Structure formats: structure tokens, C-alpha cells
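# heads up, no residue letters with this:
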């Protein structure tokens, strides 16, 4: 679940995406039937959701569209977070994907565990996952 002021998004099974606005939840057509596991946005019109089968979708304020990350081995995507510069997605088999505003790339996490959540800020990124996996990367 992700909120920005009075607007929020939640995701789930079979491509479920709901949007909270003006005190009510409303279902949106995500364009996928994949199980969605994570959602994050910069603003209410710049939101990413990730999930099973390497699914990445993007909300532009009007509709969801498929995002081709073009990275092999990214099957179960679990978490997404970012900032003004980057979007980072984590998932199964230690997957870490980064969008730098131009292209997606895979990064070596150094672990095989499923990575479930990520936090990005000006200092760096923090990733947590199964088997006690906690990874930190500084931006400095």
C-alpha cells in the first residue's frame, strides 16, 4: 500500500489495483492478471506496481501500462521504492533492478534470498529479505 496525502493505492491477487481518493476506494484496470506484491509512487500520477512473472506496471494518472524492464531472471518481484532519481525493485533470487530515468539494469545483490522490501533516500538504499538478508548501499 502507498499513500501520498489524500490519494493511495493498494495491490493484490490477479492484478488487483485499488485507488483511494476523496474518502473512497475504487478498483482500477491494471491490465494484468499477475499477482501484484508491491506499490510505490513519486506522486499520485507516477506510481509503479510490481509482482509475479516479472510484472512491472506504471500509473500515469490516467491508466496503467506495462513496463518492460528487459532484465532476465526477474520473476517474483516483491517490493519497489525510489526517489527523484531512481526506482529500485527487489524480488526473488536476490533480484535488484534499478531504473535511472533512462534504462533498467540488474544489480548484483550478493545474496540468493528473496528480497521483499526496499527503501531509497538521499543517503542510499536499504533492502530486507528472507533468511535475515539486510543490505545497505550508500550513495556517497
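Thanks, I have it. Keep in mind that what you see is a predicted model, and the values were worked out from it rather than measured.
# I figured residue 22 hits residue 8, correct?
No. In this structure residue 22 lies outside contact range of residue 8 using Cβ atoms under 8 Å: 11.3 Å. Every C-beta, even on glycine, is put in place using the N, C-alpha and C of the backbone.
# Give me the more crowded residue out of those two.
Taking other Cβ atoms under 10 Å, residue 22 and residue 8 do not tie; residue 8 has more neighbours (18 against 7).
# can you pull the contacts of that one?
1-2, 19-21 (Cβ atoms under 8 Å, 6 or more residues apart in numbering).
# By neighbour count, which of these wins?
Of all these, residue 2 has the most neighbours under the rule other Cβ under 10 Å, reaching 19 neighbours.
# Hmm, residue 41 and it touching each other?
Yes. Residue 2 lies in contact with residue 41 (Cβ under 8 Å); the separation is 5.6 Å.
# ok, now how distant is the residue positioned nearest the centre of the chain from residue 113?
Using Cα atoms, centre = their mean, the residue of the chain that lies closest to the mean C-alpha position is residue 80, 2.5 Å off. Distance, residue 80 to residue 113, by Cβ to Cβ, to the nearest Å: 18 Å.
# what bits of this protein have low per-residue confidence?
Filtered on pLDDT under 70, the chain yields the residue ranges 72-73, 140.
# So what does residue 53 look like in phi/psi?
Per-residue torsions, residue 53: phi 60, psi 30 (degrees, to the nearest 10).
# Surely it and residue 75 touch.
Yes. Between residue 53 and residue 75 there is a contact under Cβ under 8 Å: 6.4 Å.
# Grab the nearest non-local neighbour of residue 44.
Nearest residue to residue 44 in three dimensions, chain neighbours excluded: residue 7, at 4.1 Å (Cβ to Cβ, 6 or more residues apart in numbering).
# now residue 45
Closest to residue 45 by Cβ to Cβ, 6+ apart is residue 61, at 3.0 Å.
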